[in-house]
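Asks: Structure, please.
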Amino acid sequence: MRVTGVIQAGGKSTRMGGRSKALMELGGRRIIDRIIDVLRAVTEDLLIVTNTPDTFASLGLPMVADVFPDHGSLGGIYSGLKAASGAAAFTVACDMPFLRPEVARLVIDRAGLADVVVPLSGGRPETLHACYAKSCLQPIEARVKSGRLKIAGFFDEVRVLAIPEEEIARFGRPDVIFMNVNTPDELARAREILAADEATRPRS
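Replies: Numbers count the residues shown, from 1 in each chain. Next up, the predicted model:
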């Protein structure tokens, strides 16, 4: 199954003081560059959902605007999935600096088995690190139009395959892999995690 990588960058970054979360630097690299590297390793093509295309123009990637502006992450998932050239979209948030290609593949390799393939962390679905098939478009659109914007709210209308946390943990701490950087404090914490990881990494 052809899977398109979709980066959700439609938010306003209000908790980051209006500065784009995706462009924050971590270890000398922007978060979005780290995400792009992972998605290029595991998907056939990429696109960005954003309402500020000038912010990401230098990346040279296709961009689409929210079909339903101001309808949260569910609206962004719909927009990316609708524009995806693949039969499914692997959707990730733009502020996840510790994505792992091995974990992404756990999700993508099962894309043909269900309408939604989503990993679990802390007993909760990581809905912004998940695969959504085109068959999700209709139930998502109905939810968005009725103002019911909880992402997992439509899951009872489709086939969902959940990946247990134990499978994720083989590749690292799930709370780190799925970490979001929404605030300056979270950015500082991510920098601490990266520094600690680099300090323990064997030197060649």
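
Asks: Determine which residue lies closest to the centroid of the protein.
Replies: When CA atoms, centre = their mean is applied to the chain, the residue found nearest the centroid is residue 92 (0.8 Å).

Asks: For that one, what is the enclosing helix or strand?
Replies: strand 88-93 (DSSP states H and E).

Asks: Give me the helices and strands touching the helix or strand just after that strand, please.
Replies: Downstream of strand 88-93, the next assigned helix or strand under DSSP H and E is helix 101-108. Helices and strands in packing contact with helix 101-108 are listed as helix 31-42, strand 88-93, strand 116-121, strand 129-133, helix 165-169; criterion 3 or more CB pairs under 8 Å, 6 or more residues apart in numbering; DSSP states H and E. Placement of C-beta: from N, CA and C, glycine included.

Asks: So what's the gap between the last one and the chain middle?
Replies: Centroid displacement of helix 165-169 relative to its chain, using CA atoms, centre = their mean, to the nearest Å, is 18 Å.

Asks: hang on, the earlier thing: and the average pLDDT for the strand holding residue 92 is what?
Replies: Strand 88-93 carries an average pLDDT of 98.

Asks: before we move on, the earlier item: so the residue nearest to the centre of the chain makes contact with residue 43?
Replies: No. With contact defined as CB atoms under 8 Å, residue 92 does not count as touching residue 43 (10.1 Å).

Asks: thinking again about what came up before, just give the closest residue to the residue nearest to the centre of the chain, not the sequence neighbours.
Replies: Excluding its sequence neighbours, the residue lying closest to residue 92 (CB to CB, 6 or more residues apart in numbering) is residue 129, at 5.4 Å.

Asks: contacting residues for the one you found?
Replies: The neighbours of residue 129, taking CB atoms under 8 Å, 6 or more residues apart in numbering as the test, are 91, 92, 93, 96, 99, 103, 104, 107, 118, 119, 178.

Asks: can you map out the helices along the chain?
Replies: Counting by DSSP state H, the chain has helices at residues 31-42, 53-56, 72-83, 101-108, 137-145, 165-169, 174-177, 184-200.

Asks: Run through the chain and note the low-pLDDT ranges.
Replies: The chain contains residues with pLDDT under 70 at 11-18, 201-204.
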